[in-house]
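*Asks:* A predicted structure for the sequence below; I have some questions about it.
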Amino acid sequence: MANSTTVYGGSGCGTACILSMVDTGSVESRRYYLARRTLMEMLRDRGYVVANMETELCHSLADFGEVFGDKPETERLRVIACRASDPSRKIVAIFCETFEIIRKRYIVGIVSQIVNKGTLDRVILILQSKINFHAQKVLDEYPVKVETFPISDLLVNTTKHLQATKHEILTPEEKEKLMKKHSIEDKQLPRMLESDAIAKYYGLEKAQVVKVTYSSDLTGLIVTFGCVM
């Protein structure tokens with residue numbers, strides 16, 4: 001069928017990947033392995049580079065266990081990545097400890113350990129417990145944007161389950177060109193909430209526009225756009 005482009009909205013590894021999951025490690029180790037793997041993929045898809053990233057992504061669960069042990073220490077799971085286009089800009093991802101509830105004192109301790117805030121694009125916290133109001137307020141007032149992900153949200157890479165779908169974040173210039181071409185404003189594009197799984201995966205903020213390309217036997221190739229609200 002012929003390709004089509006519209007302005008409306010809403011991302012296989014085979015036997016090797018399956019075998020990589022075969023291990024007798026603890027449930028805790030498996031959760032950390034899956035979450036850290038998705039985290040690495042997410043950082044890569046956002047345009048960041050982590051030392052030895054591709055090697056780590058090839059690690060099996062057994063490999064992960066050899067490096068981090070059956071009961072990984074969260075401090076060792078921390079990831080610091082540099083923006084590919086500007087290595088001076090960084091992002092830090094921290095795995096939090098497990099509590100009945102995450103309180104202000106713990107969060108204050110975590111953020112106080114972060115140095116060189118002036119070079120940080122943002123901070124990612126992977127949570128294993130619910131965070132209370134006072135702890136969240138500390139994050140909301142932190143000088144660097146802090147994203148939080150329940151560890152359960154990172155056990156599976158959402159983008160890999162959207163068959164034949166590609167997401168591209170438009171630059172401000174590309175967005176302006178799109179708007180002029182179709183004579184539209186942000187509010188006329190389909191909405192994508194900041195809480196949407198895809199928006200969270202790519203770390204999108206309000207007013208950013210996403211180009212979504214997908215194909216199916218029924219419709220052929222389709223290109224759509226959505227604006228984060």
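*Replies:* That came through fine. Numbering: from 1, shown residues only.

*Asks:* residues contacting the residue nearest the centre of the chain?
*Replies:* In the chain, the centroid-proximal residue (C-alpha atoms, centre = their mean) is residue 201; its distance is 3.3 Å. Applying C-beta atoms under 8 Å, 6 or more residues apart in numbering, we find residue 201 in contact with 11, 42, 45, 157, 158, 159. (C-beta placed from N, C-alpha, C; glycine too.)

*Asks:* next up, phi/psi of the closest residue to residue 150 other than its chain neighbours, please.
*Replies:* Nearest non-adjacent residue to residue 150, counting by C-beta to C-beta, 6 or more residues apart in numbering: residue 127, 5.4 Å away. Torsion angles at residue 127 (phi, psi; degrees, to the nearest 10) stand at phi -100, psi 140.

*Asks:* please name the residues that touch residue 127.
*Replies:* Contacts of residue 127 (C-beta under 8 Å, 6+ apart): 96, 102, 148, 149, 150, 151.

*Asks:* look up how far residue 84 lies from the residue lying closest to the second one once chain neighbours are set aside.
*Replies:* Read it as residue 102. Leaving aside its chain neighbours, residue 102 sits nearest to residue 131 (4.2 Å; criterion: C-beta to C-beta, 6+ apart). Taking C-beta to C-beta, to the nearest Å as the measure, residue 131 falls 31 Å from residue 84.

*Asks:* who's more crowded, these two?
*Replies:* Taking neighbours as other C-beta atoms under 10 Å, residue 131 and residue 84 compare with residue 131 leading, 22 against 12.

*Asks:* OK, contacts around that one?
*Replies:* 101, 102, 107, 139, 148.

*Asks:* list the contacts of the fourth one.
*Replies:* Residues counted as contacts of residue 139 (C-beta under 8 Å, 6+ apart) are 107, 111, 125, 131, 146, 148.

*Asks:* so which strand or helix has the fifth one?
*Replies:* Residue 146 is part of strand 145-150 when elements are defined by DSSP states H and E.

*Asks:* in that strand, what counts as buried?
*Replies:* Within strand 145-150, the residues scored as buried using 16 or more other C-beta atoms under 10 Å are 146, 148, 149.

*Asks:* same question for stretch 114-125.
*Replies:* 120, 121, 122, 123, 124, 125.

*Asks:* show me where this protein has strands.
*Replies:* 4-5, 48-49, 79-83, 86-95, 120-127, 145-150, 165-169, 191-192, 209-216, 220-228 (DSSP state E).
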